[in-house]
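> Need coordinates for the following:
(one chain, ligands or ions: 1)
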Amino acid sequence: MDFEISDEQKLLLGVVDDACKKIRPIEDEYYLARKFNERVPEIFKKAHLLGLPVDKKYGDGQGADALTYALALERIGQEGTGVRTFLSGHTSLGQLTLQRWGSEDQKSRYLPKTTTGSLVMAFALTEPSAGSDPASLVTNFEEKGGFFYLNGEKTWISNGSIANLVITFAYPKGKSDGMCTLLVEKDFEGFTSSRIENKMGLPTSDTAILRFNNCRVSKDNLLGVRGKGMNVAYSALMSGRLSVAAGCVGVAEDCLSEAVRYAKERFQHNKKIGKHQLIQRMIAKSSVELEAARLLTYRAAVEKSKSDGKPDNLDLRSAADWWIAQAKYYAASVSFKAADRAVQVFGANGYSLENRVARHLVDTRVARIYEGTDQILEQKIALNQLGPEFESYS
Ligand SMILES: Cc1cc2nc3c(=O)[nH]c(=O)nc-3n(C[C@H](O)[C@H](O)[C@H](O)COP(=O)(O)OP(=O)(O)OC[C@H]3O[C@@H](n4cnc5c(N)ncnc54)[C@H](O)[C@@H]3O)c2cc1C
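So this is what the prediction gives:
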């Protein structure tokens, strides 16, 4: 498989690199102040990166394929999981889901504005009592006239309090039909949000609780087929997981290069610590795992592109789903281990939040929880090998 980067991709990655260099000092400042970094969307907007994988016919969409987008997220991941999470919520879970399932009317109403930053997107599946088992969610709606009246609560939603457009999942009251997907605007009556504070990491990323109190949603805002919301959720999670995998590759790369830099500078026992073989072992492990995670992620991106080209082909979809699950599962664990080793190489100097490797360690931990926990992905990956009769939920 050829992962050679074309001149066009190089050009785009140069733009991404410039934006990342602008973000770095600002992210340092906001992280230490433990504040949401509201300047990140603005920098991506100015660099025309808010609609990277969106079709060029919608506003500032750049039409990047899955591999190009993954390469961009890999670079962005180096700046921190909080920065990358903003884009995953807005683009992978938000825009790509709208682009895949939206009617032409919905796409032309919303997508161009999302690419220019006047609309920020979020994806709201998780509820206080429904995480790994989204089918058990309890948010529901009643139909009156031309409207759905939505009631319920979502939690742990990335971009939740900054988003103007939220992809939301709910059942018709009494579960008279399957799950449905609704496009909810921030300004719709009965919609409120509040930021979740005191997270273990990701202080610069917005995470929120959303509440719907008889929230009035026009029937024109039903996304995809009525009663088939689980299909929408699963396709969103495929895009989202790939973005997490790519971001984690970036985290692992940053941790490795920081560890190597320090190992070449720091002296203990009359030699550079890079000359101690036990330090070399940590660098070797991170190096091998990084390259393996990177290859798995690129392969998953290629499989996703194939599936995106033929969205009704179930074989291509299930192959992409499996590759993406493996890439996300593996890259999340690799980034955590690379961050842990980098902190170890730095010693006490790695224990300060002023050092990016310490921030990577606490921040990348979330990649083993959101968009499919390690355990859920292990079952998904194994099921593909064992066959559907080994479905563990039945
Ligand atoms: C910072 C952050 C941002 C997030 N952003 C979003 C977002 O934008 N949108 C959104 O919808 N959600 C978001 N989430 C929520 C996230 O997707 C959920 O936390 C995740 O799906 C797990 O659900 P849970 O936390 O309820 O854990 P639970 O599902 O309650 O799981 C608890 C434990 O039980 C295990 N477990 C559960 N079921 C099984 C099983 N069948 N077999 C074996 N083990 C099992 C899990 O692996 C886990 O270890 C975010 C979470 C965080 C922390």
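
> tell me the average confidence for stretch 69-86?
For stretch 69-86, the mean pLDDT works out to 98.

> again but with stretch 35-47, I slipped
97.

> got the CA coordinates for it in PDB?
Extracted in PDB, the C-alpha atoms of stretch 35-47 (Å, rounded to 0.1, in the frame of the first residue of the first chain):
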ATOM      1  CA  LYS A  35      -9.300  27.800  30.500                       C
ATOM      2  CA  PHE A  36     -11.100  26.800  27.400                       C
ATOM      3  CA  ASN A  37      -9.000  28.000  24.400                       C
ATOM      4  CA  GLU A  38     -11.500  30.100  22.400                       C
ATOM      5  CA  ARG A  39      -8.700  31.200  20.000                       C
ATOM      6  CA  VAL A  40      -8.200  27.800  18.400                       C
ATOM      7  CA  PRO A  41     -11.400  28.000  16.200                       C
ATOM      8  CA  GLU A  42     -10.300  31.500  15.000                       C
ATOM      9  CA  ILE A  43      -6.800  30.300  14.000                       C
ATOM     10  CA  PHE A  44      -8.200  27.300  12.100                       C
ATOM     11  CA  LYS A  45     -10.700  29.600  10.400                       C
ATOM     12  CA  LYS A  46      -8.100  32.000   9.200                       C
ATOM     13  CA  ALA A  47      -6.100  29.000   7.800                       C
END
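
> so, in contact with the ligand or not, it?
No. Using CB under 6 Å from any ligand atom, stretch 35-47 never reaches the ligand; the gap is at least 12.4 Å. Just so you know, the C-beta spots here come from the backbone N, C-alpha and C atoms, and that holds for glycine as well.

> which other residues reach that stretch?
Stretch 35-47 has contacts (CB atoms under 8 Å, 6 or more residues apart in numbering) with 15-16, 18-19, 22-23, 26-27, 30-31, 50, 82-83, 86-87, 90, 116-117, 120, 162, 195, 203-206.

> Just the buried residues out of those, in PyMOL syntax.
The buried residues among the contacts of stretch 35-47 can be selected in PyMOL (16 or more other CB atoms under 10 Å) with this line:
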select buried, resi 16+19+22+23+26+27+30+31+50+82+83+86+87+90+117+120+162+203+204+205+206
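
> out of the contacts of stretch 35-47, which are inside strands?
residue 195 (DSSP state E).

> So which of the contacts of stretch 35-47 are in helices?
15-16, 18-19, 22-23, 26-27, 30-31, 82-83, 86-87 (DSSP state H).

> Name the nearest of the residues you listed relative to the ligand.
The closest of those to the ligand turns out to be residue 82 (CB to the nearest ligand atom; 9.1 Å).

> Pretty sure residue 205 is one of the things the closest one touches, is it not?
Yes. Using CB atoms under 8 Å, residue 82 makes contact with residue 205 at a distance of 3.7 Å.

> Just give me the residue closest to the centre of the chain.
residue 88 (3.3 Å; CA atoms, centre = their mean).

> Pull up the gap between that residue and the ligand, please.
8 Å (CB to the nearest ligand atom, to the nearest Å).

> wait, is residue 226 part of a strand?
No. Residue 226: not assigned to a strand; according to DSSP: H, G, I helix; E, B strand; the rest coil it is coil.

> In contact with it, which residues are there?
Contacts of residue 226 by CB under 8 Å, 6+ apart are 177-178, 180.

> Among those, the buried ones, what's the PyMOL command?
In PyMOL, a selection of the buried entries from these looks like this (16+ other CB under 10 Å):
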select buried, resi 180
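
> Go through the contacts of residue 226 and say which is closest to residue 386.
residue 178 (26.9 Å; CB to CB).

> which SS class is residue 183?
Under three-state DSSP, residue 183 comes out as strand.

> Could you report the distance from it to the ligand?
15 Å.

> Contact residues of the stretch 51-200 of the chain facing the ligand?
89, 123-126, 131-132, 156-158.

> Farthest pair within the residues you listed?
Within these, 89 and 132 form the most distant pair, 18.8 Å apart (CB to CB).

> Compare the two and say which is more crowded by neighbours.
residue 89 (28 against 12; other CB atoms under 10 Å).

> Quick check, pLDDT for the more buried one.
For residue 89, pLDDT reads 98.

> Report the contact partners of it.
The contact partners of residue 89, taken as CB under 8 Å, 6+ apart, are 121-123, 157-159, 163.

> again, 7 Å this time
With contacts defined as CB atoms under 7 Å, 6 or more residues apart in numbering, the neighbours of residue 89 are 121-123, 158-159.

> quick one: low-confidence ranges for the protein?
394 (pLDDT under 70).

> Show me the helices in it, by range?
Under DSSP H, the chain gives helices at 7-32, 39-46, 66-77, 81-87, 96-101, 104-115, 229-265, 277-309, 314-346, 356-363, 374-386.

> For the closest residue to the ligand within the chain, the count of nearby residues, please.
In the chain, the residue that lies nearest the ligand is residue 131 (1.8 Å; CB to the nearest ligand atom). The burial metric for residue 131, expressed as a neighbour count using other CB under 10 Å, is 17.

> Adjust the sequence numbering to begin at 782 for everything that follows.
Will do, 782 is the new start, and the previous item becomes residue 912.

> For residue 814, see how far away it is.
30 Å (CB to CB, to the nearest Å).

> Could you do residue 805 as well?
Taking CB to CB as the measure, residue 805 falls 15 Å from residue 814.

> The two: which has the busier surroundings?
Each of residue 805 and residue 814 has its neighbours counted (other CB under 10 Å); residue 805 has more, 14 against 11.

> residues in contact with the more buried one?
Per CB under 7 Å, 6+ apart, neighbours of residue 805: residue 860.

> Residue 1160 against residue 1172, yeah?
No. Taking contacts as CB atoms under 7 Å, residue 1160 lies outside contact range of residue 1172: 8.6 Å.

> More neighbours: the two, which one.
Neighbour tally, residue 1160 and residue 1172, criterion other CB under 10 Å: the higher count belongs to residue 1160, 19 against 10.

> ok, and the closest non-adjacent residue to the more buried one?
Computed as CB to CB, 6 or more residues apart in numbering, the closest residue to residue 1160 that is not its neighbour in sequence is residue 1173, at 5.3 Å.
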